[in-house]
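>>> quick check, what structure comes out for this input:
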Amino acid sequence: MPDPWKGWMWLRTAHVQELLTGLARGRMSLTHQAIHPFPSWRTVAYLRDLLMACGVLPAIDKQLLHTETWLTRRLAELDGHAHEPLLRRFATWHLLPALRARAARQPFPASARRFASEQFTYAQAFLTWLDEHDLDLPQCGQADLDSWHATHPNPIAPR
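Now for the predicted structure:
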């Protein structure tokens, strides 16, 4: 359980007050997904732990939450980037469903979170490589894939 004195000091910080005011006034819904994008991840993690401990938010796998938060932040960093729509689809329709299904079956290990982040990073690196070689995904052929793999050893071989 969090230290009460730490909690009091925590409440006095401006970014915490901004988050709590947004929740209290209904500008932000009280859900795990709604608080993901808040800039201070430590504030979100601490508040989420408190709300789950009190039963206000449903208990959810923390590793999965950390992965979702990481992906939300990575995609926000790519806002306006040419590859953002494709990487968003990859995260939304491939990575997250697989991770959520795994978390529903068994506890979600930190290694699964690392694997997901490596997959995303590797996909982003591949798309950047395509750009550097004046290719786009529909043009990419087997020779291009072979060239990519020859110069970029796969750090995320299936586990």
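
>>> can you pull the contacts of the residue nearest the centre of the chain?
Among the residues of the chain, Leu71 comes closest to the average C-alpha position under Cα atoms, centre = their mean, at 2.2 Å. Counting by Cβ atoms under 8 Å, 6 or more residues apart in numbering, Leu71 makes contact with Ala91, Leu95, Leu96, Ala116, Phe120. No exception for glycine: its C-beta is placed from N, CA and C like everyone else's.

>>> now, which of those residues sits nearest Arg25?
Leu96 (29.4 Å; Cβ to Cβ).

>>> can you tell me the SS state at that closest one?
Following DSSP: H, G, I helix; E, B strand; the rest coil, Leu96 is assigned to helix.

>>> circling back to that earlier point, report the two of the contacts of Leu71 separated the most.
Leu96 and Phe120 (10.5 Å).

>>> compare these two and say which is more crowded by neighbours.
Phe120 (21 against 16; other Cβ atoms under 10 Å).

>>> for the more buried one, helix, strand, or coil?
helix.

>>> before we move on, the earlier item: buried ones in the helix or strand encompassing the residue nearest to the centre of the chain?
Following DSSP states H and E, one finds Leu71 within helix 62-77. For helix 62-77, the neighbour count (16 or more other Cβ atoms under 10 Å) marks 62-72, 74-75 as buried.
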